[in-house]
Every structure is written in structure tokens, then in C-alpha cells.
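# When you get a sec, could you give me coordinates for this:
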Amino acid sequence: MPATRSNPALAPRTLNVTFARTLVSQLQQSRPDLMPRLDPAYLRHLEERDPLARCTLTEWHALMDTVEALLGSPDLVPQLAEQFKPWHAGLLGFTLMTSGTVVELAKLLRRFHHLLNDVFEVQRGLDGPRFLLRLVPASAETSHRLARLSLTVWAQRLRWLTGCPDLKLDASFEGPAPLDVAPYRRIFGGTVRFDQDTNTMWGDASFVDLPIVSRDTASHSLLQGQALKQLEQLSRGEDGIVDRVRGLIRRRLDSGALSLEDVATELKLPARTMQRRLDEAGANFRLMVDEVRKAQAQRYLRDTAMPLSELAVALGFADHASFNRAFKRWMGCSPGAFRREQAGQAGGGGLN
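Presented below is the predicted three-dimensional model:
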């Protein structure tokens, strides 16, 4: 690793690139007519980056400033929290979804939080009749915004994952109160305080035993192992294999040659070596192909008028029917319906 990063405590704080992508998605959904105000090169850079890629905390704050200014909003945190779904946390999100109980989920969040960001560390425990999840700054470079976003996301996902929409939670935040605290009170359902000494969420101690409705013991064990590989990859620094494979997949989508062996040959690696390095990075070649196709399909449908039959070929599908089935699996609707919805949002200025 570079000498400037030899001491993690001195390195710039980073977040998973999903945090930046979600900001762009918020603007796209709210005011698609303002999307041209963002740098197209930066948007392409965000879209093409690997799911494990990071952005700096400074970069994220700058993007947040820009999007808040464009939308005329002094505080986007509550709206962004609505955007985040468990799967936006990638492999970690699916690992949390398949855990057994809330206490197991909290343990996993504490162990793997670095996959989300290295700005904070997570503490969990009991405080009398209440359980708590607390964010502790990992260095002097911290963020009131990120702390508020993290806790609001956790509150909403806790209700969703337990199937208990009426859970009442309390929260305390460092830093001054926003102009409108009502969204925070609505999200947590309990007492919310600002200008406090910690960023903490509390709930009744009995909540720790609540089962996760989507728990899956068999899948959980596999997912946790993959999450551990991703964590190890981050701790030693990425070697770029995932980004390089993803870039080749993107360039070869319409070639019909998308096997692991073909990509390995282009990288001048034995197929077994490439497979091993992807495994070490917590990546799966088939899933990567699927993810690239999904992202490219959304881009083509949103930004071009390409006929669906041609689009299917450009994405490497055998025919339109195969593309249609895959897209319904990804998005829950047909490609045509997705295109019409995107066109409607753009035509209405996103104000409905």
C-alpha cells in the first residue's frame, strides 16, 4: 500500500460507492430535468465502478451539497434513508437479511460495518432496559450527516426485517438540529434529540430477540463467508481484479463470448487463477455478468430509444424473450414498462 495509507487512522475516510449512487438516484427520481447539471463523466464513473469501490467522505459531502442545492433542500438525510434498501448494502445487506434475530444482526453490523464505511465503528449493548447501537468516530474525520443517515436507515430496516412496523425507537445525534426535525421523529417513533454527546439509537431490550422474517440459515452461512472475504480484501487493499473483469464484461456484452474462460484469456490469466482471485475478492463471475447487464439495460432504456430487440442483442441475450424474463427478475416489470415509467418521470419534471 502507498506510504500515505500505512496508518489507517491518518487515511482519508471512505464510504461504499453506493452512498454516492443513492444521492444521484434521489435527484433522478425527484428532478430528472436537473440531472444534466451533474458532470456526465462523473456519473459514468459512478455507474461503472465495482460495488466494492469507495468514495471519500469529502467527495460524498460535496455531492450531497450539490444535490441539496439543486433540490432546494437543506437536509436530504430523511429522504435518502427512504431510498436505502438492504440490498443496497450489497453482500452485507443480504447477510443481514438472512440472519436469525436482531441481536445476531447487530453483531454482524458491528463486525462488517467497514464494508459500508470506515468513518465510524459500531458499538452494541444493553443499557438497563434498553438495547443500543452507537456510532463511534474511527478518526478525527467524522460526519453528522453520515451518522444521521446511518441511524435513520437502521431504524427503518429494523422494522422491515422484523416485520414489526410499529417498533418505537429513540435516537440522539451530535451536532445542531436540522430546520425540520419532524421527519426524524416520524422515522424513529420515539424521542429524538440533537446536540448530544453521542450518535446512538435505543430500543426496548426485548427487541434483540425478535426474529428476522427473511432468515435463512443455509444461505446465511455462505453469505457470511463471502462477506468476510470482502472485508479481508478491503483490509489489504484491492488489486483491481474485480474492476478489470467488470470492465471486460461491459465491453464484451454483445460479443457472445462472456464465459469466465474467455475473460481470463483476455486478462492473460489461467481461468483457475482468475476464479481464485475473484473468490478471494468475494465476487462471483455469473453474478457480475448479471449485475452489468442489469445496469446497462437500465441505462439503455432510460437514455436511448433503441428497440427492445436490438437492446437484447447488445446485452448478449439470445432473444427478446430471454431479455424480458431477465429484466422482470431484476426489476419486477417488463423493459417496456420501465421505459414508459422513466419517460413519464422525465416528461413530468419529477414533480408528481
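
# Quick one: the helices in the stretch 101-250 of the chain, in order.
Here the stretch 101-250 of the chain has its helices, by DSSP state H, counting those that start in this stretch, at 102-112, 144-162, 182-188, 217-236, 241-252.

# Just tell me which of those ends up closest to residue 36.
Each of the helices of the stretch 101-250 of the chain has some distance to residue 36 by Cβ to Cβ; the shortest is helix 241-252, at 23.3 Å. Where C-beta positions appear, they are placed from N, C-alpha and C, glycine not excepted.

# could you say what helices and strands that closest one packs with?
Here helix 241-252 is seen to pack against helix 40-48, helix 260-266, helix 271-280, helix 285-303 when contacts are counted using 3 or more Cβ pairs under 8 Å, 6 or more residues apart in numbering; DSSP states H and E.

# What residues sit buried inside that helix?
Burial within helix 241-252, assessed by neighbour count using 16 or more other Cβ atoms under 10 Å, is assigned to 241, 242, 243, 244, 245, 246, 248, 249, 252.

# One more: stretch 66-78?
Within stretch 66-78, the residues scored as buried using 16+ other Cβ under 10 Å are 67, 68, 71, 75, 76, 77, 78.

# Any figure for the gap between the third one and residue 27?
Distance check for residue 71 against residue 27: by Cβ to Cβ, to the nearest Å, it reads 7 Å.

# what do those two both touch?
Taking Cβ atoms under 8 Å, 6 or more residues apart in numbering as the contact criterion, the residues that touch both residue 71 and residue 27 are residue 34.

# before we move on, the earlier item: just give me the closest of the buried residues of helix 241-252 to residue 49.
residue 243 (7.3 Å).

# Which of the three states applies to the spatially closest residue to the closest one that is not a sequence neighbour?
Taking Cβ to Cβ, 6 or more residues apart in numbering as the measure, residue 243 lies nearest to residue 50, with 4.9 Å between them; neighbours along the chain are not counted. Reduced to three states with DSSP: H, G, I helix; E, B strand; the rest coil, the structure at residue 50 is coil.

# Spell out which residues sit in contact with residue 50, please.
17, 242, 243, 246.

# Save those residues as JSON lines, and put in pLDDT and distance to residue 157 too.
Conversion of the contacts of residue 50 to JSON lines gives the following (pLDDT from 0 to 100; distance: Cβ to Cβ, whole Å):
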{"residue": "17", "pLDDT": "90", "distance to residue 157": "19"}
{"residue": "242", "pLDDT": "78", "distance to residue 157": "26"}
{"residue": "243", "pLDDT": "76", "distance to residue 157": "28"}
{"residue": "246", "pLDDT": "83", "distance to residue 157": "27"}
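
# burial of residue 185, as a residue count?
By the criterion of other Cβ atoms under 10 Å, residue 185 has 13 neighbours.

# wait, doesn't it sit right on residue 192?
Yes: using Cβ atoms under 8 Å, residue 185 makes contact with residue 192 at a distance of 5.2 Å.

# Quick check: can you list the domain ranges of this protein?
Domain segmentation of the chain under automatic domain parsing yields 3-78, 86-209, 239-347.

# so how far is the longest one from its chain's centroid?
Put simply, domain 86-209 sits 16 Å off its chain's centre (Cα atoms, centre = their mean, to the nearest Å).

# Over to the shortest one?
Relative to its parent chain, domain 3-78 has a centroid offset of 12 Å by Cα atoms, centre = their mean.
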